[in-house]
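Q: based on what follows, work out the 3D shape:
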Amino acid sequence: MNFEQARANMIEQQIRPWDVLDQRVLNALAAVPRECFLPEEHDGLAYSDTRIPLKNNRFSLNPNIEGRLLQAAVLETDDRALVIGSGSGFIAACAAKMCKHVESIDTSEEMNALAQQSAGNCGIDNIKFITGDLIGDLPDKTTYDAIIVNGSLEHVPDRLKTRLTNMGRLIVTIGTESAPIMETFVIRRIGEADWLEQSIFDTHIPSLIKSDTNDSEDAFVF
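A: Predicted structure coming up:
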């Protein structure tokens, strides 16, 4: 398979038509070989408009959704970004191509190890992979210019909003798996205790967390 041609086709036929027009995002998607972040048995689907099974009952997001999430983060070269839910590591790798430093957290040590290996094989060394609770084990008092949530949540945890720098962006999809439509938002911090919320597109993506409780923000077991 000609992965380079498939990557170019993905950008022109899937990413651009979904209004991903930021050239820095397109450059990152072109520079990071998506097939290297997927199980070998599925690498032929790397540039298809579909979710791809990963280990531990995980799935990659469709490429067009990944592109929209990255574009919404508006990453700058000096930014510090956080990815909630490492998954394959692809979103973190693309973000790392666009900004200074990325931290990516996942509950699965195995997923993080595979993602780190894939990033290293691609020469990407400005990502720190963290294993732990997706919210409770965030680095102490660290703030981020952008936070990308790699999966859906039923509500927005306040602890993510307070980890944004001034004018920092939280990209998060809200909804229940039983609902036909979820909504993706950009939440921008505009003051010490003020945030501006904007809906940017409708979608339906896998839930990031599995909780035995309805209300606890502490039960993150992705």
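
Q: that's a helix at Gln117, yeah?
A: Yes. Gln117 forms part of a helix when assessed by DSSP: H, G, I helix; E, B strand; the rest coil.

Q: just the pLDDT for the closest residue to Gly67 other than its chain neighbours.
A: Once flanking residues are discounted, Gly67 sits nearest to Val20: 3.9 Å by Cβ to Cβ, 6 or more residues apart in numbering. C-beta: built from backbone N, CA, C; applies to glycine. If you check Val20, the pLDDT there is 98.

Q: now Val20: how far from Ala96?
A: Val20 sits at a distance of 18 Å from Ala96 (criterion: Cβ to Cβ, to the nearest Å).

Q: could you pull up the contacting residues of the residue nearest to Gly67?
A: By Cβ atoms under 8 Å, 6 or more residues apart in numbering, Val20 lies in contact with Leu26, Asn64, Gly67, Arg68, Leu70, Gln71.

Q: can you do 10 Å?
A: By Cβ atoms under 10 Å, 6 or more residues apart in numbering, Val20 lies in contact with 11, 14, 26, 29, 63-72.

Q: need those residues in TSV (columns: distance to Leu114, secondary structure and pLDDT).
A: Conversion of those to TSV gives the following (distance: Cβ to Cβ, whole Å; DSSP: H, G, I helix; E, B strand; the rest coil; pLDDT from 0 to 100):
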residue	distance to Leu114	secondary structure	pLDDT
Ile11	25	helix	98
Gln14	24	helix	97
Leu26	26	helix	98
Leu29	20	helix	98
Pro63	19	helix	97
Asn64	24	helix	97
Ile65	21	helix	97
Glu66	17	helix	98
Gly67	22	helix	98
Arg68	24	helix	98
Leu69	21	helix	98
Leu70	21	helix	98
Gln71	26	helix	98
Ala72	26	helix	98
